[in-house]
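Visitor: Test case, fold it:
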Amino acid sequence: MPSKRVFLALLVCLFIVGTGLAQESKPSNLTPAPTNDKAPVITEEALPAGARIFLAPMPNGFETYVVAGLEKKKVPVVVVIDRDKADYELSGVSDSDRAGWAKMLFLGSQQTNETASIKIVNLKTGNVVFAYSVNKTNSVRGKQSAGEAVAKHINEKIENRYH
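Guide: Okay, here's the model as predicted:
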C-alpha cells in the first residue's frame, strides 16, 4: 500500500494536470463585435440624464443583467425596446468562467469569474460616448454583479457631466 506522501504527490499531480487541461481546452464564448467600415470614434461627449438607450441583444442574455443593474443603481436613463426611438445604443459581450472540478473539490468554491465589455454609441453621430470593461473574479452573484458594475459606471459618467 502506498504511503501518504506518494498518495499526496499523486493527488497534487492530478490537480495540476486537471486544472491545466481545463483551462487550455475551454473554448471562449466571446464573439467579436460587428465591425463597420469606419473605426469607432471615442469622444468626450456627455451622456445626459434621461437619455433613451436601446440595449442590443448580448451573448448569454447579459443585457437583462444590465437592465436590472440600471434599475438597482437608479441610473437616470430610459431603456427603450425600439431602436428607432433611442438616442443611444448599448452593446457588448460577456463571458462566464465557471469553477472547475478542482476548485470545487479542493477550495469548496462554486464562484464564477465574470467578464464583460460594453459600449454606448450615439445613434445620430455614430460616436462612442462611453466604454467599460469589467472583470469580476470569484463572483458570488455571477452576471448580476457584472451588470451592476456596468450600471454603476454609466451612472458615474452621467454624474460627472454635472461636476
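Visitor: show me what contacts Ser94?
Guide: Going by C-beta atoms under 8 Å, 6 or more residues apart in numbering, Ser94 touches Leu30, Met58, Pro59, Asn60, Phe62, Glu114, Thr115, Ala116, Ser117, Lys143, Ala146. Yep, even glycine has a C-beta here, placed from its N, CA and C like the rest.
Visitor: what is the closest residue in space to the last one that isn't next to it in sequence paired to in the beta sheet?
Guide: Ranked by C-beta to C-beta, 6 or more residues apart in numbering and with sequence neighbours excluded, the top spatial neighbour of Ala146 is Glu114, at 4.2 Å. Glu114 forms beta bridges with Ser96, Lys136, as assigned by DSSP bridges.
Visitor: Low-confidence ranges, this protein, go.
Guide: 1-43, 96-112, 137-142, 161-163 (pLDDT under 70).
Visitor: rerun that using 90 as the cut-off
Guide: Low-confidence segments of the chain (pLDDT under 90): 1-46, 59-62, 93-116, 134-150, 157, 159-163.
Visitor: Could I get the full set of strands for it?
Guide: 41-42, 52-55, 78-80, 88-97, 112-122, 127-139 (DSSP state E).
Visitor: Now that we have those strands, can you turn them into TSV and tack on distance to Glu156?
Guide: Formatted as TSV, these follow (distance: least, C-beta to C-beta, whole Å):
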stretch	distance to Glu156
strand 41-42	17
strand 52-55	16
strand 78-80	18
strand 88-97	15
strand 112-122	13
strand 127-139	10
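Visitor: picking up where we left off before, these two touch, right, the residue nearest to Ala146 and Ser145?
Guide: Yes: shown here, Glu114 and Ser145 form a contact pair, counting by C-beta atoms under 8 Å, at 6.4 Å.
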